[in-house]
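[1] Return a 3D structure for these sequence lines:
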Amino acid sequence: MLFSILNKFNNFILLFCLTIYSRYSYLLVKAVILISLLPFLILCFYAQPYLDDFIDAKRIMDFGSFEFIKYQYQNWSGRYIHITFYSFINPLKFFWISGIKIYHLFTIILFAGTLFFA
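    Residues are numbered from 1 along each chain as shown. A predicted model of the protein is given here:
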């Protein structure tokens, strides 16, 4: 009788400890991911557009967003989501050079959100 009571109590304690460990380890992994993205968030404020950014903005203005997406996907890069965001939200398309910092900040926050809620 006493052995079965102790066995049930030990199982309860073990299950309780594993539940708490799994909950906190999950939060710990999320915290490590968010902290590891901190240097990239800081570097966003030092980003400067380069020649290819201006060329892409000119192509977007000349051919339109959908043709730019098609051209980039078929000929240059297979990152479909990035190309789509870049063609519609590209700050250089609106002649806003300092907006490239906000664009990069937005994409990193969006990436962190997908990692956090995954």
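
[2] What ranges does this structure have for its helices?
    Assigned by DSSP state H, the chain shows helices spanning 2-36, 38-43, 51-63, 65-71, 80-89, 99-117.

[3] want to throw these into TSV with mean pLDDT?
    Listed next are those as TSV, based on pLDDT from 0 to 100:
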stretch	mean pLDDT
helix 2-36	63
helix 38-43	88
helix 51-63	89
helix 65-71	89
helix 80-89	83
helix 99-117	84
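
[4] Include mean neighbour count when you put those helices into CSV, please.
    In this view, the C-beta of every residue, glycine as well, is placed from N, C-alpha and C. Formatted as CSV, the helices of the chain follow (neighbours: other C-beta atoms under 10 Å):
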stretch, mean neighbour count
helix 2-36, 10
helix 38-43, 12
helix 51-63, 14
helix 65-71, 16
helix 80-89, 16
helix 99-117, 14
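
[5] Ser87: what's its closest spatial neighbour, skipping adjacent residues?
    Leaving aside its sequence neighbours, Ser87 sits nearest to Ser65 (C-beta to C-beta, 6 or more residues apart in numbering; 4.2 Å).

[6] The one you found contacts Phe88, doesn't it?
    Yes - with contact defined as C-beta atoms under 8 Å, Ser65 reaches Phe88; the gap is 5.6 Å.

[7] For Ile33, see how far away Gly113 is.
    Using C-beta to C-beta, to the nearest Å, Gly113 is found at 11 Å from Ile33.

[8] Let me fix that, I meant to ask about Trp96.
    Distance from Trp96 to Ile33, by C-beta to C-beta: 30 Å.

[9] ok, now Thr84?
    Distance of Thr84 to Ile33, given as C-beta to C-beta: 24 Å.

[10] for Lys58, same thing?
    Lys58 sits 36 Å away from Ile33, going by C-beta to C-beta.

[11] on that earlier part again, give the residues shared as contacts by Ser65 and Phe88.
    Between them, Ser65 and Phe88 share no contacting residue under C-beta atoms under 8 Å, 6 or more residues apart in numbering.

[12] What residues does the closest residue to Ile89 other than its chain neighbours make contact with?
    Excluding its sequence neighbours, the residue lying closest to Ile89 (C-beta to C-beta, 6+ apart) is Tyr103, at 6.2 Å. Shown in contact with Tyr103 (C-beta under 8 Å, 6+ apart): 86, 89-91.

[13] Okay then, goodbye and thanks.
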